[in-house]
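[1] no sequence on hand, only this structure:
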C-alpha cells in the first residue's frame, strides 16, 4: 500500500498543488484505512469493506465532520486508483457522507475586536509582536497558517499590500490597513532578532500556528470578551464587518482566498440575521 500512497500524495502535491498540511491529513487518514484492511490487496477492497470501515470509525469518532473528512480522503484515493487503472471499479461511489449541520462561524462585534486587539501591552517585544499579529489577522482576514508563513519581503510597506501563500500554494495579494502596518513596523524595528520571517518566537525562530492559538486564547481572556475564541474568529469578523458595511460579496471572496463563492456566502447568513434583529427591534409592527 505504501507505494500507492506515495504515488497518490505525489499527485496531490505536484498536480493538485495541495498544501503540506492537507497532505499530512490525507496520509494520516489513509494509513488508518490501510491498518484496518491489513494484508488485503487494494483490488479486493469493495463496498462492503468500506461499509465495515465506516462502522469502525463511527465507533471511535462521534464527530460527523471528522468522519466526513476521513471519507473524503478515502474517496479521493480510490478515485485516483481507479483513474490510474489499479482498480476496475471505484467501490466508494455508493458511500454516503454523514449529513453536516451548517455551523455559522464565530465572530466578534467591532467593539469586541477593539478590546481584543488592544489587550497586548506595548512595553516589550512579545507584547508588540502580539499586537501586530492581532492587528494583521483582523486587517487582512488571512488564515493563521498564512500569517506564520509571512516573510519580510511579503509585505509592501509603501503600497500597504501583503503577498500571501494560501491554500494549495496559491498566492494572492491582500490590502493591509495603516494600523496593522504601524504595529508590524514598531515590532520589527525594536525586536532583538533579525530574521526573514515576520513573526518570531522567543528563540528568534518562525512562530508556529499552535503559538498563535495560544496567543489568541491569552488575550481573549485578558480582554474579557469571550471565554474561548479561535484565531479564525478574527478572519470571520473581518468578513462579517466588511459585508455589514456594504462590501461586495465577490470582493470579500477574493480577499479571503475562497475558490468558491458558496464558501463566502455563509457570512451573508450572519449579516442577514443581524438585519432581522435590527428590524425586529426598530420596526413598530415587527
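    Looks like it arrived, so ask away. Given the structure is predicted, the values throughout are model-derived calculations rather than measurements.
[2] now residue 185, nearest residue through space, not along the chain?
    Nearest in space to residue 185, with sequence neighbours left out and distances taken as CB to CB, 6 or more residues apart in numbering, is residue 157 at 6.8 Å. For glycine as for every other residue, the C-beta is placed from the backbone atoms N, C-alpha and C.
[3] show me the contacts for that neighbour.
    Residue 157 is in contact with 181, 184, 185, counting by CB atoms under 8 Å, 6 or more residues apart in numbering.
[4] any stretches of this protein with poor pLDDT?
    Low-confidence segments of the chain (pLDDT under 70): 1, 98, 100-105, 168-169, 227, 269-275, 278, 286.
[5] thought residue 58 was touching residue 67?
    Yes. Between residue 58 and residue 67 there is a contact at 6.4 Å, judged by CB atoms under 8 Å.
[6] so where do the strands sit in the stretch 51-200 of the chain?
    For the stretch 51-200 of the chain, applying DSSP state E, counting those that start in this stretch gives strands covering 155-156, 161-165, 171-175.
[7] partners of the first one in the sheet?
    The sheet places strand 155-156 alongside strand 161-165 (antiparallel), with pairing taken from DSSP bridges.
[8] for the last one, same thing?
    In the sheet containing strand 171-175, the strands it pairs with under DSSP bridges are strand 161-165 (antiparallel).
[9] for the partner strand, what is the distance to the chain centroid?
    Centroid separation for strand 161-165 versus its chain: 16 Å, with CA atoms, centre = their mean, to the nearest Å.
[10] what's the local residue count around residue 212?
    By other CB atoms under 10 Å, 20 other residues sit near residue 212.
[11] need the contacts of residue 157 in TSV (columns: neighbour count).
    Output for the contacts of residue 157, formatted as TSV (neighbours: other CB atoms under 10 Å):
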residue	neighbour count
181	20
184	26
185	14
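[12] residue 58 and residue 67: which has the busier surroundings?
    Set residue 58 next to residue 67 and count neighbours by other CB under 10 Å: residue 67 wins out with 18 against 12.
[13] any idea how far that one is from residue 91?
    Computed as CB to CB, to the nearest Å, the residue 67 to residue 91 distance reads 18 Å.
[14] show me which of the contacts of residue 157 is closest to residue 23.
    Relative to residue 23, the closest of these is residue 184; by CB to CB it sits at 30.2 Å.
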